[in-house]
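Trainee: what follows is a protein structure lacking sequence information:
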């Protein structure tokens, strides 16, 4: 059931090392604690640029551009776009 785009390792580390209560963190961004756990453990991945995941990144000091791990298809698309621009 791994839909969407995985959270980056940096964001997952920030969640793991967050000094506050993860329950409150999840509620603050509008998801359940079980969803936060599923995102962190890559059981379920949020859609790319999910506003809740971006809010999570912002709260934990991770730039939006570094909130997600690009999938193989996205990495190829980015590389293709770079070649076209040259």
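Mentor: Nice, I can see it. This one's a predicted model, so the numbers in the text were calculated from it and none came from an experiment.
Trainee: shaky segments in the protein?
Mentor: Low-confidence segments of the chain, defined by pLDDT under 70, span residues 1-2, 71-86.
Trainee: try 80
Mentor: Scanning the chain for pLDDT under 80 picks out the ranges 1-3, 70-86.
Trainee: ranges for the helices of it?
Mentor: 9-17, 22-29, 33-40, 51-59, 72-85 (DSSP state H).
Trainee: can I get those in TSV including distance to residue 3 and mean neighbour count?
Mentor: (Each C-beta comes from the backbone N, C-alpha and C, glycine too.) Below are the helices of the chain laid out as TSV (distance: least, C-beta to C-beta, whole Å; neighbours: other C-beta atoms under 10 Å):
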stretch	distance to residue 3	mean neighbour count
helix 9-17	17	15
helix 22-29	18	15
helix 33-40	11	17
helix 51-59	13	18
helix 72-85	14	9
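Trainee: the ones you listed: which one's closest to residue 66?
Mentor: Among the helices of the chain, the nearest to residue 66 by C-beta to C-beta is helix 9-17 (5.7 Å).
Trainee: tilt between the closest one and helix 22-29?
Mentor: 130 degrees (axes from the mean of the first three to the mean of the last three C-alpha atoms, to 10 degrees).
Trainee: so helix 9-17 versus helix 33-40, what angle?
Mentor: 140 degrees.
Trainee: change the start of the numbering to 14 and stick with it
Mentor: Sure, I'll start counting at 14 from here, so that last one is helix 22-30.
Trainee: tell me which strands and helices helix 22-30 is in contact with?
Mentor: Judged by 3 or more C-beta pairs under 8 Å, 6 or more residues apart in numbering; DSSP states H and E, the packing partners of helix 22-30 are helix 46-53, helix 64-72.
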